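Undergrad: Got a sequence here, can you model it:
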Amino acid sequence: MILRPDYIKEIKKFINVPLVKVLSGVRRCGKSTILEMIKDELLTNYEINKQCIISRTYSEIKYDNMTYLEMYQDLIKEFSVDQKYYLFLDELQEINGWEKVVNDLLENYDVDIYVTGSNSKLMSSEISTYLTGRYVSIPIYTLSFKEYLVFKHKEENENLKNMFDEYLQYGGFPLIGISDFDLTSAYQVVDGIYATVITRDISKRHKIRNKDLFDRVVKYVIENVGKTFSANTIVKFLKNEKRTLSVETIYNYLKWLADAFIIYPCNRYDIQGKAVLKTQEKYYLSDIAFKYCKYGFASSMISSMLENIVFLELKRRGYEVYVGKYLDKEIDFIGIRRDEKIYVQVCREIPETSNREISNLMEIKDHYHKYIVTDDPLSKGNENGIEIMYISDFLLKESY
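TA: As a prediction, this is how the structure comes out:
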């Protein structure tokens, strides 16, 4: 088991704190393994008795059709002595009404609870109703570039260009990181994850009747990662294909894809007006390999995939990420974290005949850090306070 210390460090803050620790993210991003890491942490550094750690994986067939009352009885029968218990409840969204069980356990027993799920129903109104102020959300992502190097047993001072190019083609699913797949096999594995999410977490859960039309909408979103579009844009696109779907249905599809962590929305932010805009948002994938598993890898995709990688890195580091609007200019990303703010432009290379990325950033007259991130290892330096960085250096930078 290869450790992911950043997540352990984050979760350790809440060990023995009376809050439910909710680990959520796309299927196969490593949530279950992180639960195992926390168990090891409890046994090794907190000297917790092994008998006080109770684990359940509700995606296993033996829990099919289990009710929340059966779940409750199954857990409390393990409480045989008067001491604290540590509950690790994996893929909890499989049990309807699970939040009622968790709430009761919090109220009536001495427990420390850790849960995972592959659907953001874990963070829906049910939790707000039953666990108000009694949970903390810990998002889990696929491997960062730094983690990818660890999984591949590479050092940060090795040939970063080669390693980043590999990461750019394979993506960050941990199973891919620990294996020695060729690209075809890797994309087959990711396609299996994609199919499970689309079929089980979305189509069946939401009883989608026209699966072909839903699949076409999903492919449109994946094709247009990093581009501005709206539900109306998709409706017009489908109309050109002689298909009909309402704007409301499109919005539902986009919400369900986000709920299942296939995509993340990225809203626009008016820098001058300091307000989040409600129109023309962009979408990014929870892992770039989702695009490759449907379309293969092509150099024409690189620009949008570089953006996707930077977007996810900012999310991993706790930033709220937006597309920036300043007058008639667009900034690829604004990262906001408490009182911090950074601006990032992403490009494959900086053309000698154009300094659009630099000029756009120079329009913003504040003291926050500004970066241009490129896929060119030779593009490094500082211009008018704007730091130009090769993307692997940006991804491995300790802080921004």
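
Undergrad: burial count for Val197?
TA: For Val197, the neighbour count with other CB atoms under 10 Å is 23. In short, each C-beta sits where N, CA and C put it, glycine included.

Undergrad: and what of Phe88?
TA: Number of residues near Phe88 (other CB under 10 Å) recorded here: 22.

Undergrad: Please identify the helix or strand for it.
TA: If you go by DSSP states H and E, Phe88 is part of strand 85-90.

Undergrad: That strand packs against which elements?
TA: If you count contacts as 3 or more CB pairs under 8 Å, 6 or more residues apart in numbering; DSSP states H and E, strand 85-90 packs onto helix 31-45, strand 53-57, helix 98-108, strand 111-117.

Undergrad: Could I get the full set of strands for the stretch 101-250 of the chain?
TA: 111-117, 135-139 (DSSP state E, counting those that start in this stretch).

Undergrad: for the stretch 251-400 of the chain, same thing?
TA: Under DSSP E, counting those that start in this stretch, the stretch 251-400 of the chain gives strands at 263-270, 275-285, 320-326, 329-337, 340-347, 369-374, 381-383, 386-390.

Undergrad: still on that earlier bit, in its sheet, what does the strand holding Phe88 sit against?
TA: Here strand 85-90 is paired, per DSSP bridges, with strand 53-57 (parallel), strand 111-117 (parallel).

Undergrad: Show me which of these has the highest average neighbour count.
TA: Between the strands paired with strand 85-90, strand 111-117 has the highest mean count of neighbours, a mean of 24, where neighbours are mean count of other CB atoms under 10 Å.

Undergrad: Pull the residues that contact that strand.
TA: 11, 15-18, 20-24, 31-32, 34-35, 38, 84-93, 102, 105-106, 122, 140 (CB atoms under 8 Å, 6 or more residues apart in numbering).

Undergrad: Got a ChimeraX select line for the buried ones in those residues?
TA: Command for ChimeraX, covering only those of the contacts of strand 111-117 found buried under the criterion 16 or more other CB atoms under 10 Å:
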select :11,15,20,21,22,23,24,31,32,34,35,38,85,86,87,88,89,90,91,92,93,102,105,106,122,140
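
Undergrad: quick one: contacts for the residue nearest to Val221 when sequence neighbours are not counted?
TA: Using CB to CB, 6 or more residues apart in numbering and skipping the chain neighbours, the partner closest in space to Val221 is Tyr283 (5.8 Å). By CB under 8 Å, 6+ apart, Tyr283 lies in contact with Val221, Asn224, Val225, Gly226, Leu254, Ile263, Tyr264, Pro265, Cys266.

Undergrad: Of these, which is the nearest to Ile372?
TA: Of all the contacts of Tyr283, Gly226 has the smallest distance to Ile372: 16.5 Å, by CB to CB.

Undergrad: got a list of what the spatially closest residue to that closest one that is not a sequence neighbour touches?
TA: Nearest residue to Gly226, sequence neighbours excluded (CB to CB, 6+ apart): Ser304, at 3.9 Å. Applying CB under 8 Å, 6+ apart, one finds that Ser304 lies in contact with Val225, Gly226, Lys227.

Undergrad: now the angle from the host helix or strand of Leu75 to strand 85-90?
TA: Secondary structure from DSSP H and E places Leu75 in helix 68-76. Helix 68-76 and strand 85-90 are oriented at 140 degrees to each other (axes from the mean of the first three to the mean of the last three CA atoms, to 10 degrees).

Undergrad: what distance separates helix 68-76 from the centre of its chain?
TA: Remark: helix 68-76 is offset 31 Å from the chain centroid, using CA atoms, centre = their mean, to the nearest Å.

Undergrad: could I have that helix exported to CSV, CA atoms only?
TA: Below are the C-alpha coordinates for helix 68-76, written out as CSV (Å, rounded to 0.1, in the frame of the first residue of the first chain):
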residue,chain,number,x,y,z
TYR,A,68,-31.0,1.3,7.3
LEU,A,69,-32.6,-0.5,10.3
GLU,A,70,-30.7,-3.7,9.4
MET,A,71,-27.5,-1.6,9.1
TYR,A,72,-28.1,-0.1,12.5
GLN,A,73,-28.6,-3.5,14.2
ASP,A,74,-25.6,-4.9,12.4
LEU,A,75,-23.3,-2.2,13.8
ILE,A,76,-24.6,-1.9,17.4
